[in-house]
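# Build me a model from this:
(2 chains)
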Amino acid sequence: MANDTGKTTIDLGNLKAGGFIKERGKDLFTVRLRVPGGRMTVPRLKKIADVAEKFGGEFVHLSVRQSIELININFKDFDAVVAELGEGEQKVASCGARVRVPTACGGCEYNPNGLVDTQRSALEVDEKLFGTPTGHHKFKVGFAGCPFDCPKSATNDVGFQGAIWPELNKDECISCGLCAKSCAEGAITLGADGKPEFHPDACIYCGDCVKVCPTEAWKAAKKGYTVRIGGKWGRHPLVGTLFATFLPEDRVVDFITEVLAWYKEKADGAGRIRIGDIIIKEGTESLLDRLRAGFPDFVVAETIPPQAIATQVGK
Amino acid sequence: MQTVDLRGVACPTNFVKAKLALEMLDEGDTVEFLLDDGEPVKNVPRSLKGEGHKLLGLKQVDDHYVLTLEKVGE
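Here you go, the predicted model:
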């Protein structure tokens, strides 16, 4: 926008959380839109198409974290783009050392594998924690509805994976054997009496037994998230490791808040560093201890540090 | 009882064929589906249960499985 003197004025408040990313060309920026969980209503999609057509290039880009990015936006149009997207309807996302927009799979509403409502979790985290400055580095959160884990939850700083704990009511069981056949982990075998035997150590909480059981003899006794912390990709990938099991969906925001508090404190003075590297430096017990205070029923007894993946070997 | 041979048919075609076969039956009819080991026996019974049908049993016969089911609904 130009004022009376011909100089460009821009509402810098719009830039606070980032989301406006410099491109190669002069004056041109990518505008990353905030699409928590990758869910986009059709009216919003139409509005974005209108804005992209008016201010952007010939295409938009679908980012790897489920956002739509408007390409070739002139910085002079920032205010107009924000206004036309509609303040309340389609916000701009973030970049930099902040809590990013959470990713999620479709969840349990229409996907038959989904065990938990990942869409609701992603929306809640986006609403309450999006853009929170970490003081150190970016902070990514992702939600997978089941152990298939299409969203690759363990590559996030905090990754959530839907889980259920199965329990058998033998009186309801008709010995059809479908559960044992369905269990890809070998956690269910058929005993001499023709009834299933459960081997909990092998179970990864996918719920396939509950889903296939024709008589509801297998039921979900517990439901929640398996939580892994410390993942990242990039130049030096880490896979996050297990810190909590069956975390209830309504404790997710509190849990992330506590992890963030630990991260902010422990990374103080360490510069631009992700939480996975801080866990490796501090040891897992420090973070486990902190989390046990608020989440005693869900934090695991022990774990291992985030695991480095040797992607440079062989060069 | 009708038998529908879904051996050699991959997912999700086997499930769709099962649905088409069920359309020809009346509510309360029972039917047998022959399913390959692997993905078919893991997926098809669960999907048919999701459609509201009543799974009656599963047994292994040679190298395949026989799923017995009662049709529920129209």
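# What strand or helix carries A:Lys46?
Assigned by DSSP states H and E, A:Lys46 falls within helix A:42-55.
# Mind checking what helix or strand follows that helix in sequence?
Going C-terminal from helix A:42-55, and assigning secondary structure by DSSP H and E, you next hit strand A:60-62.
# follow-up on the earlier one: and the helix holding A:Lys46, what does it pack against?
Helices and strands touching helix A:42-55, as assessed by 3 or more C-beta pairs under 8 Å, 6 or more residues apart in numbering or on different chains; DSSP states H and E, comprise strand A:68-74, helix A:78-85. C-beta coordinates here come from the backbone N, C-alpha and C atoms, glycine included.
# Flag every residue of the stretch 1-150 of chain A that's near chain B.
Within reach of chain B by C-beta under 8 Å from any C-beta of the partner chain, the stretch 1-150 of chain A has these residues: A:Pro112.
# Could you pull up the residues touching A:Lys211?
Taking C-beta atoms under 8 Å, 6 or more residues apart in numbering or on different chains as the criterion, A:Lys211 is in contact with A:Pro112, A:Ser182, B:Arg46, B:Lys49, B:Gly50.
# Quick one: distance of the one helix or strand it maps to to the chain centre.
Under DSSP H and E, the secondary-structure element containing A:Lys211 is helix A:208-212. Remark: helix A:208-212 is offset 25 Å from the chain centroid, using C-alpha atoms, centre = their mean, to the nearest Å.
# What's the local residue count around A:Ile204?
15 (other C-beta atoms under 10 Å in any protein chain shown).
# and stretch A:301-314, average pLDDT?
Mean pLDDT, computed over stretch A:301-314, is 96.
# excluding its backbone neighbours, what's nearest the residue of chain B found nearest chain A?
Closest contact between chain B and chain A, by C-beta to the nearest C-beta, is at B:Leu55 (3.3 Å). Closest residue in space to B:Leu55, ignoring its immediate chain neighbours: A:Pro214 at 3.3 Å, by C-beta to C-beta, 6 or more residues apart in numbering or on different chains.
# wait, isn't that neighbour in contact with A:Leu178?
Yes - using C-beta atoms under 8 Å as the test, A:Pro214 is close enough to A:Leu178 to be in contact (6.8 Å).
# between those two, what contacts are shared?
By C-beta under 8 Å, 6+ apart, the residues touching both A:Pro214 and A:Leu178 are B:Pro45, B:Leu55.
# any low-confidence regions in chain A?
Applying pLDDT under 70 to chain A flags residues A:1-6, A:16-17, A:87-88.
# Find the centremost residue of it, please.
A:Gly142 (0.7 Å; C-alpha atoms, centre = their mean).
# Quick check on A:Pro214 and A:Leu178: which one has the bigger neighbour count.
Higher neighbour count among A:Pro214 and A:Leu178: A:Leu178, with 29 against 25, using other C-beta under 10 Å.
# related to what we said a few turns ago, mind checking the SS state of the residue nearest to the centre of chain A?
The three-state label for A:Gly142, taken from DSSP: H, G, I helix; E, B strand; the rest coil, comes out as strand.
# Just grab the bridge partners of it for me.
Per DSSP bridges, the residues bridged to A:Gly142 are A:Thr103, A:Gly159.
# Quick check: residues of chain B near chain A?
The interface of chain B toward chain A, taken as C-beta under 8 Å from any C-beta, is made up of B:41-42, B:45-47, B:49-50, B:54-59, B:65.
# and residue 61, how many neighbours?
Since you didn't name a chain, this refers to chain A. 13.
# look at chain B instead
B:Val61 sits with 8 neighbouring residues when counted by other C-beta under 10 Å.
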